[in-house]
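>>> Provided below for reference: sequence and predicted model.
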Amino acid sequence: MNTSYLEQNKQRFLDELFELLRIPSISADGAYHHDILAAAEYIKNKLIEAGADKVELCQTAGNPIVYGEKIIDPALPTVLVYGHYDVQPVVPLELWETEPFVPTIRKTQVHPDGAIFARGACDDKGQVYSHVKAFEMMMKTDTLPCNIKFMIEGEEEVGSSNLGIFCIANKEKLKADVVLISDTSIIANDIPSIDCGLRGLSYVEVEVTGPNRDLHSGVYGGAVANPINILSKMIASMHDENNRITIPGFYDKVIELSQDEREELNKAPFNLEDYKKDLGIDEIWGEKGYNVLERTGIRPTLECNGIWGGYIGEGAKTVLPAKAFAKISMRLVPNQGSKEITELFKNHFESIAPAGIKVVVKAHHGGEPVVTPIDSPAYLAAERAMEKTYGKKPIPTRSGGSIPIVALFEKELGLKSVLMGFGLDSDALHSPNEHYGVFNYYKGIETIPYFHKYFAEALK
Ligand code: BES
Ligand code: MN
Ligand code: MN
């Protein structure tokens, strides 16, 4: 289609992505607010240069949303492209082989053509920028086949709560036929796939308090409950011997997949030995009766994401701490509701606290699970587009991750999403040394115009 435009502009497309990756737009830490604005501004300017209209930074109570559109004919279908320019924090910094905001290309086993190492390279700047460049390409070669709207937000990694408010307040502006999102993974560079499900999320922080002050662990230890010991035991008790979650009612609303659906899910190629080798583990773990694809795709989970308390400085300090804390996430599947699960967690956590221990459960952001159709015109357009550029029909998969706003698009805007991602699970998203294949970046730019073309044709 536009392969010569892509060939001629390859280096510039890469240079521009590098520039975006140099901006440390970390949304979890207010110290980077200036960089959040710089990243939003950068994308805004690139959309203007590419030829978008009505490009603006929409202010919210939090980080701005980059909006832009090109309406070529109101009678044609409209695709709303969603993505995020914010990135995860970079700790632990010492584990990065090169600086997180100094993009560097290195070859890896799965990326023999080279991968761009930088925070946000895959999640989600590289994937978002593929859309900006695909749009430029369609504009400059006069091949944009439908209307397009961009909504690139800066708070995905912290729960998208202001985007939710923005969507509800701007239903007319965001009117479209489908949402197109590249913020998920394919199975491998030679095995394209499309995510058809995302898990929901319920995220809580707990505080466990024992005595009214830190105590000498020799003078008082043995006679006063230690909040760290208690918290550890409480967390450990939340999985039974079959690694099922023990919160009463937790599984009540979970939809079990039919045998046929499970078989369909297990058609995705998966090599357990490679999986273990990649992670440096000898054995896997999880809910009895389910395999890895099922445990991460269609089953709910509970994970402790962080735990702290007491003395963690150098050397030894004998102390019985007054408090202990933990951050706990639960991934949810249809039809679990994040509010309800948070409530169940809170009630259970309070009920298992031993006498003499006070607990406080604070709810963080949440999100609802989604399943997207695999027979819609939009899904079929994505399938055809990927088949065209990868030479293979993509496999429908379920992802373990969450993009909480997707459920809200459906509920508030009445829009289904297509999750046409181009990254790999092994690209170290949220981890040190995040990277994105150069191949994947260009493949995205090449594939996206075909999506628009096939989608426009299907809706004609
Ligand atoms: N892009 C990811 C979600 C993702 C990654 C989906 C890989 C499928 C495959 C997104 O940026 C993300 O990290 N979401 C968070 C949720 C958010 C509320 C912090 C997540 O899944 O932890
Ligand atoms: Mn993302
Ligand atoms: Mn992320």
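Yes, it's here. Numbering: from 1, shown residues only. Ligands and ions are numbered 1, 2, ... in the order given.

>>> what are the contacting residues of the lowest-mean-pLDDT helix or strand in the chain?
Within the chain, no helix or strand scores below helix 259-265, which has a mean of 92 by mean pLDDT, DSSP states H and E. Helix 259-265 has contacts (CB atoms under 8 Å, 6 or more residues apart in numbering) with Leu257, Leu293, Glu294, Gly297, Ile298, Pro396, Thr397, Arg398. Any C-beta I mention is one placed from the backbone N, CA and C, and that applies to glycine too.

>>> same thing but 7 Å
Around helix 259-265, the neighbours that count as contacts under CB atoms under 7 Å, 6 or more residues apart in numbering are Leu257, Leu293, Glu294, Gly297, Ile298, Arg398.

>>> in this structure, what residue comes closest to ligand 1?
Closest approach between the chain and ligand 1, counting by CB to the nearest ligand atom: Gly401, at 2.7 Å.

>>> assumed that residue was part of a helix.
No - using DSSP: H, G, I helix; E, B strand; the rest coil, the assignment for Gly401 is coil, not a helix.

>>> how many residues are close by the nearest residue to it once chain neighbours are set aside?
Using CB to CB, 6 or more residues apart in numbering and skipping residues adjacent in sequence, the residue nearest Gly401 is Leu198, 6.4 Å away. Look at Leu198: counted by other CB atoms under 10 Å, it has 29 neighbours.

>>> and Leu198, how far is that from Ser399?
Leu198 sits 6 Å away from Ser399, going by CB to CB, to the nearest Å.

>>> quick one on the thing from earlier: look up phi and psi at the residue of the chain closest to ligand 1.
As for Gly401, its main-chain torsions (degrees, to the nearest 10) stand at phi -80, psi -180.

>>> list the contacts for the residue nearest to Leu332 when sequence neighbours are not counted?
With CB to CB, 6+ apart as the criterion, Leu332 has its nearest non-adjacent residue at 3.5 Å, and that residue is Gly200. Residues in contact with Gly200 (CB under 7 Å, 6+ apart) are Leu332, Gln336, Ser338, Gly367, Glu368, Pro369, Ser402.

>>> ok, 6 Å please
Neighbouring residues of Gly200 by CB atoms under 6 Å, 6 or more residues apart in numbering: Leu332, Ser338, Gly367, Glu368, Pro369.

>>> how about the residues of the stretch 51-200 of the chain near ligand 2?
By CB under 5 Å from the ion, the residues of the stretch 51-200 of the chain that approach ligand 2 are Asp123, Asp124, Asp183.

>>> for those residues, which one is nearest Ile357?
Here the nearest of these to Ile357, counting by CB to CB, is Asp123; it sits at 38.1 Å.

>>> quick check: the gap between the closest residue to the closest one other than its chain neighbours and Thr184.
In space, not counting the residues next to it along the chain, Asp123 is nearest to Leu429; the distance is 4.0 Å by CB to CB, 6+ apart. According to CB to CB, Leu429 and Thr184 sit 10 Å apart.

>>> same question, Tyr379
14 Å.

>>> could you pull out the helices in the stretch 251-400 of the chain for me?
259-265, 272-279, 292-297, 338-351, 377-390 (DSSP state H, counting those that start in this stretch).

>>> Serialize those to TSV and add fields for distance to ligand 1 and mean neighbour count.
Shown next, in TSV, are these (distance: least, CB to the nearest ligand atom, whole Å; neighbours: other CB atoms under 10 Å):
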stretch	distance to ligand 1	mean neighbour count
helix 259-265	15	13
helix 272-279	15	11
helix 292-297	10	18
helix 338-351	10	18
helix 377-390	15	21
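
>>> with distance to Ile165 added, can I get those in JSON lines?
Formatted as JSON lines, these follow (distance: least, CB to CB, whole Å):
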{"stretch": "helix 259-265", "distance to Ile165": "35"}
{"stretch": "helix 272-279", "distance to Ile165": "38"}
{"stretch": "helix 292-297", "distance to Ile165": "30"}
{"stretch": "helix 338-351", "distance to Ile165": "17"}
{"stretch": "helix 377-390", "distance to Ile165": "26"}
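
>>> residues from the stretch 1-150 of the chain in reach of ligand 1?
Residues of the stretch 1-150 of the chain lying close to ligand 1 (CB under 6 Å from any ligand atom) are Asp123, Asp124.

>>> tilt between the lengthiest helix in the chain and helix 377-390?
If you go by DSSP state H, the chain has its longest helix at helix 438-459. Between helix 438-459 and helix 377-390, the angle formed by their directions is 140 degrees, by axes from the mean of the first three to the mean of the last three CA atoms, to 10 degrees.

>>> and helix 438-459, is it in reach of ligand 1?
No - judged by CB under 6 Å from any ligand atom, helix 438-459 and ligand 1 are separated, with a smallest distance of 13.1 Å.

>>> show me what that helix is packed against.
With contacts taken as 3 or more CB pairs under 6 Å, 6 or more residues apart in numbering; DSSP states H and E, helix 438-459 sits against helix 126-140, helix 377-390.

>>> give me the contacts around the last one.
When you say that, I think you mean helix 377-390. By CB under 6 Å, 6+ apart, the list of residues contacting helix 377-390 from outside reads 178, 192, 194, 373, 393-394, 418, 420, 446-447, 450-451, 454-455, 458.

>>> state the pair within those residues that is farthest apart.
Pro373 and Glu446 (25.0 Å).

>>> between these two, tell me which one has more neighbours.
Set Pro373 next to Glu446 and count neighbours by other CB under 10 Å: Glu446 wins out with 21 against 14.

>>> flag the shaky bits of this structure, pLDDT-wise.
Confidence mapping of the chain against pLDDT under 70 gives the ranges 1-2.

>>> now Val206: which helix or strand?
Using DSSP states H and E, Val206 sits within strand 200-209.

>>> other SSEs contacting the very next helix or strand once past that strand?
Tracing the chain C-terminally past strand 200-209 and defining elements by DSSP H and E, one meets helix 227-236 next. Helices and strands touching helix 227-236, by 3+ CB pairs under 6 Å, 6+ apart, are strand 200-209, strand 323-332.

>>> measure how helix 227-236 sits relative to helix 338-351, angle-wise.
Per the same axes, to 10 degrees, the angle that helix 227-236 makes with helix 338-351 is 130 degrees.

>>> what about helix 227-236, distance to the chain center?
Offset of helix 227-236 from its chain centre (CA atoms, centre = their mean, to the nearest Å): 29 Å.

>>> how about it: buried residues?
By neighbour count on 16 or more other CB atoms under 10 Å, the buried set for helix 227-236 is Pro227, Ile228, Ile230, Leu231, Ser232, Met234, Ile235.

>>> quick check: the third one vs Gly222, distance?
When you say that, I think you mean Ile230. Distance from Ile230 to Gly222, by CB to CB: 14 Å.

>>> please apply the same query to Gly444.
60 Å.

>>> neighbour-wise, which of these two wins?
Gly444 (25 against 9).
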